[in-house]
Each structure stands twice: as C-alpha cells, then as structure tokens.
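> for reference, the sequence and a predicted model appear below.
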Amino acid sequence: SMIKTSLFADQEREAKLNKLGDALQVMEQYVDFSALAAEVDHAAPRPGRERGGRPPFPTELMVRVLLIQQMHNLSDEQMEFQLLDRLSYQRFVGLRSSSQIPDRTTIWTFKERLIAAGASESIFDAVNRQLAKHGFIARGGQMIDASFVQVPKQSMGKEEKAIVAQDAMPADWKPAKRRQKDTDARWAKKHGKSYFGYKLSANADKRYKLIRKIKISTASEHDTLHFEEVLDPDNTSLDIYADKGYVDGGRETRLRGLGWRMHIQRKGHKGKPLSEAQERRNRRIASPRARVEHVFAGLAQMGGKVMRSIGLARATLHLNWKAAVYNLQRLSYLKEARIEAF
C-alpha cells in the first residue's frame, strides 16, 4: 500500500510545509508579535479576573488569529474551524499541542473589546512603527486613492429608509432585527454602477507601496473630503499623486503654498475637453499614480472589497486590520527580496 503510517508524521509534515514555503513562517522571521500584542494591550487593556472563569487567551495569540482571519478573509465560524483543521495555522498561533482553541465567541469578544476601547487603529499604528524599525520609512512621494468596500444590501421599506437616512432607527424594530441592520452603510454610484457600504481612502508611499494613512467612511462621502486627512507629512518627498477625482483648485493652491508638489490628473468637461498639454500631463502622472492600484489589488486579494460586519465601528476595525496585514505581507516580501531600506 502507498499509505504508510509513521510515529513522526507531524514532524515530517511540518518539514514538508517549510520546504514548500509557509508564508506565515516567513512573516514570523521579521515581525515582533509580542510588541504588537503589547501595543494592543496598552490601547485596550485586558479585562480583569474579578468575576472568575477561565483565563482569556494571551493577546499575542489573539493578534495572530485576527491576522490570519484578515489574510484569508474568514468569518469567525470559519476561523474556529480552520484553527482546528490546519497545521500551518496551529503552528503560527502556537496551538500545536493545545487541546483548546479560541472559538467563534472568543474571537468576536476580542474584537468587541478593541472597539469598546476605541482601539480599532492600534494594530495599524503598531505595524507601521515596526516598518520604521526595519528602515522602511515613507519615501518617494505619496499616492492617494479610495475604494468602495461593500456590505450585504439591506432590505428596507421606503419609510424605514427615510428614518435610517436621518441617522435614526424605526421604533418597531425588535432588538434582534436591529442587530442585523446596517444603518451606517450608504449607497453611492460610480461609473454607472451602484455600491452599498463603506469607503477606504488610503495613502501609500511611492517607493515601497506600503500603506501609511487610512480613513474609513460611508460610501456616499466623496473621495476628496478625506484627501488632507490621509496626507503623510513624514514622507521624505513632497510629491503627491492622485487621479482626477481629487481635483480641487483652491486646495491645490493652498497646499502648493505649503510646499507640496501636486500631481493630480485633470478631467475634461462637457464643451471643454482637455488640451494636448493637459493630456500629456495626465499621461506623465498615470504611471507613478497607478502604483497605488497595486495596493488596492493586494487588499482585494484578501477580500478587501467586501465585508460581513455591520456598522461603521466594525468596518473601521476590520479595515485597519486588513491594512495592517497587507503591510506585514509587504514587509515580508521586501525583506525576502532584499530590497534596500534607504
């Protein structure tokens, strides 16, 4: 028979995993997870043991769980299943010899702890501090763009929609129904297509394509509203690249007065097409600006175009962790490729 038993099957499988290339083990070489956990605990202190009960899982373990969850776009239920089933996940989290794993309720409770403490951004900020320790500070200018992040469409009547649009909730909705309705998400239309959910505005540096600043808002808020919120004053270059959606003559004049070099594509209007010089300028900007599309493509590969969560607070948590995971994967790539941090 081709099927052979072995007393060392676990070790042999782990050795084969290493040979094939386990991305989680590569990340392990470059990321200080204990430091990430310490910063999360500082922002959202662990609950006390006054009420007794089973002690909570270590924060570092839960940080690792949430990183895997965002990397592979898993629900809490699927995360629980995969921790029971997958050797690489168990090894990365530190549960190879444990009879207990965080279940779906434990994962949900940990995330709610971060939201309640106002610590949704803590992991993104902590990861960016580690990027700086590796020498990957923001260089070469910054690229700004935004993308819709959709959530399941809500089924509501006309009157209910009108009430929700006023940031209120229908009185006849029972608690169970309220928990299932996303009253923060909004509709938006772009290029003739409608989207329901939220918007992620991001700033990535041109040299390393690492995300430096983010802003999460409802889908209906225009991209340009958050342009200055995601500007990165720490970038070593004053060049800013953006597409035609960010055109604002008054703002550009003001920012130029502060020393910024604006590279924002122009758009034509009905009866007033772009001149040849403007077309050439747009083409010059297109190549460096397009690098930010690679960043959003990376987020999309991790499911960054859709979410299962409900509400702006959970969307903020979800997308901060998603951006943090993107940066950690990018850090691993930069280190493995031996790209110089200078």
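Thanks, I have it. Numbering: from 1, shown residues only.
> so which bits of whichever helix or strand Ala146 is part of are buried?
Assessed by DSSP states H and E, Ala146 sits inside strand 142-150. Going by neighbour count (16 or more other C-beta atoms under 10 Å), the buried part of strand 142-150 is 142-149. Quick note: C-beta positions are derived from backbone N, CA and C, even for glycine.
> which secondary structure elements does that strand sit against?
strand 193-205, strand 239-242, helix 276-301 (3 or more C-beta pairs under 8 Å, 6 or more residues apart in numbering; DSSP states H and E).
> which SSE is immediately downstream of it?
Per DSSP H and E, the helix or strand that comes after strand 142-150 is helix 158-165.
> who's in contact with Ala242?
Ala242 makes contact with 143-145, 227, 263-265, 289 under the criterion C-beta atoms under 8 Å, 6 or more residues apart in numbering.
> repeat the analysis, applying 7 Å as the threshold.
Applying C-beta atoms under 7 Å, 6 or more residues apart in numbering, one finds that Ala242 lies in contact with 144-145, 264, 289.
> how does the chain divide into domains?
Domains of the chain are assigned by the TED database as 8-119, 139-310.
> can you list these in CSV and add distance to Ile339?
As requested, those are exported to CSV (distance: least, C-beta to C-beta, whole Å):
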stretch, distance to Ile339
domain 8-119, 13
domain 139-310, 8
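> out of those, nearest to Leu317?
Of all those, it is domain 8-119 that lies closest to Leu317, at 5.6 Å by C-beta to C-beta.
> mind checking how far that closest one is from the chain centre?
Mean C-alpha position of domain 8-119 versus that of the full chain (C-alpha atoms, centre = their mean, to the nearest Å) differs by 17 Å.
> can you give me the helices for the stretch 1-150 of the chain?
9-20, 23-30, 33-43, 59-71, 76-85, 87-93, 104-116, 122-133 (DSSP state H, counting those that start in this stretch).
> please spell out which residues along the last one are buried.
In other words, helix 122-133. Those would be 122-124, 126-128, 130-131, for helix 122-133 by 16+ other C-beta under 10 Å.
> over to stretch 302-317?
So stretch 302-317, judged by 16+ other C-beta under 10 Å, has buried residues 302-305, 307, 309-317.
> and for stretch 28-42?
For stretch 28-42, using 16+ other C-beta under 10 Å, the buried residues are 31, 33, 36-37, 39-41.
> re the thing from before, of the helices and strands packed on strand 142-150, which is nearest Leu74?
It's helix 276-301; of the helices and strands packed on strand 142-150, that one is closest to Leu74 (C-beta to C-beta) at 14.1 Å.
> and the angle for that closest one with helix 59-71?
120 degrees (axes from the mean of the first three to the mean of the last three C-alpha atoms, to 10 degrees).
> what's the next secondary structure element after helix 276-301?
helix 312-336.
> which residues are contacting that next one?
Counting by C-beta under 7 Å, 6+ apart, 26-27, 30-31, 66-67, 70-71, 111, 114-115, 120-121, 123-124, 127-128, 131, 134, 136, 149, 184, 198, 200, 208-211, 214, 216, 218, 298-299, 302, 304, 307, 309 sit against helix 312-336.
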